[in-house]
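K.L.:
sequence plus the predicted model coming up.
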Amino acid sequence: EADIYQTPRYLVIGTGKKITLECSQTMGHDKMYWYQQDPGMELHLIHYSYGVNSTEKGDLSSESTVSRIRTEHFPLTLESARPSHTSQYLCASSDSPLYGYTFGSGTRLTVV
Amino acid sequence: DQQVKQNSPSLSVQEGRISILNCDYTNSMFDYFLWYKKYPAEGPTFLISISSIKDKNEDGRFTVFLNKSAKHLSLHIVPSQPGDSAVYFCAAKGAGSYQLTFGKGTKLSVIP
């Protein structure tokens, strides 16, 4: 079944640790996105990719980095986690936003 | 500066009645509008969309109305069901862009 997968679902990690949030999709979509959302707030675009080896920063400044070596895989990395990085991270993909993004279940990150 | 605004953080409706969720936008370059539904601990799921050249789109119990002159759109759910209880996000796409700008969401509670 075509879908988009994010791991881990929940992560509690200490300050200063390096972490990678995984995102994979099986739909062959060229376009992939990372959004950050705090409770009661809008989703903020932090990174996007329109294809392999193409990545751009979004509207919200983020200390994270991304890579797109394969069409189906779009991991997000934080080199040194801080409490201000505590948030929910949502990965999405699309062929065309006219038909809506397909979102993963999200990773809720807590940095202590 | 928020370009997509959902001014009601929450809404409670009796089962069987109509739910009306509102969304205002400021950017006249938006050409496509979408509604997403989000349950706790899950990613948003696409619900319904409307092009800026239309004023109404209907899909089963869900209807979206667009008033371009007022820069306002609304989502009507008739009849409302307890399973509709979720957070609803309004999103907009700029002309020539693949990215979506989201509002803060409205939490709908449908009371049995």
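P.N.:
Yes, it's here.
K.L.:
what's the local residue count around residue B:98?
P.N.:
With neighbours defined by other CB atoms under 10 Å in any protein chain shown, the count for residue B:98 comes to 17. In this view, the C-beta of every residue, glycine as well, is placed from N, C-alpha and C.
K.L.:
and the lowest-mean-pLDDT helix or strand in chain B, how far out from the chain middle?
P.N.:
None of the helices or strands of chain B scores lower by mean pLDDT, DSSP states H and E than strand B:100-102, at a mean of 91. From the chain centre to the centre of strand B:100-102 is a distance of 12 Å (CA atoms, centre = their mean, to the nearest Å).
K.L.:
next: stretch B:48-56.
P.N.:
That offset, for stretch B:48-56, works out to 12 Å (CA atoms, centre = their mean).
K.L.:
compute the first-to-last residue distance for that stretch.
P.N.:
Stretch B:48-56 has an end-to-end distance of 11 Å (CA to CA, to the nearest Å).
K.L.:
and the pLDDT at residue 37?
P.N.:
No chain was given, so I picked chain A. For residue A:37, the model assigns a pLDDT of 92.
K.L.:
try again with chain B
P.N.:
pLDDT, residue B:37: 96.
K.L.:
quick check: it vs residue B:101, distance?
P.N.:
18 Å (CB to CB, to the nearest Å).
K.L.:
equivalent analysis for residue A:37, please.
P.N.:
For residue A:37, the distance to residue B:101 - CB to CB - is 13 Å.
K.L.:
show me what from chain A comes close to chain B.
P.N.:
For chain A, the residues in contact with chain B (CB under 8 Å from any CB of the partner chain) are A:4, A:6, A:9, A:31, A:33, A:35, A:40-45, A:48, A:50, A:58-59, A:90-92, A:94, A:96-106, A:108.
K.L.:
give me phi/psi at residue A:85?
P.N.:
When quoted as degrees, to the nearest 10, the phi and psi of residue A:85 stand at phi -80, psi -10.
K.L.:
shouldn't it be in contact with residue A:111?
P.N.:
Yes - with contacts counted by CB atoms under 8 Å, residue A:85 reaches residue A:111, the gap being 5.1 Å.
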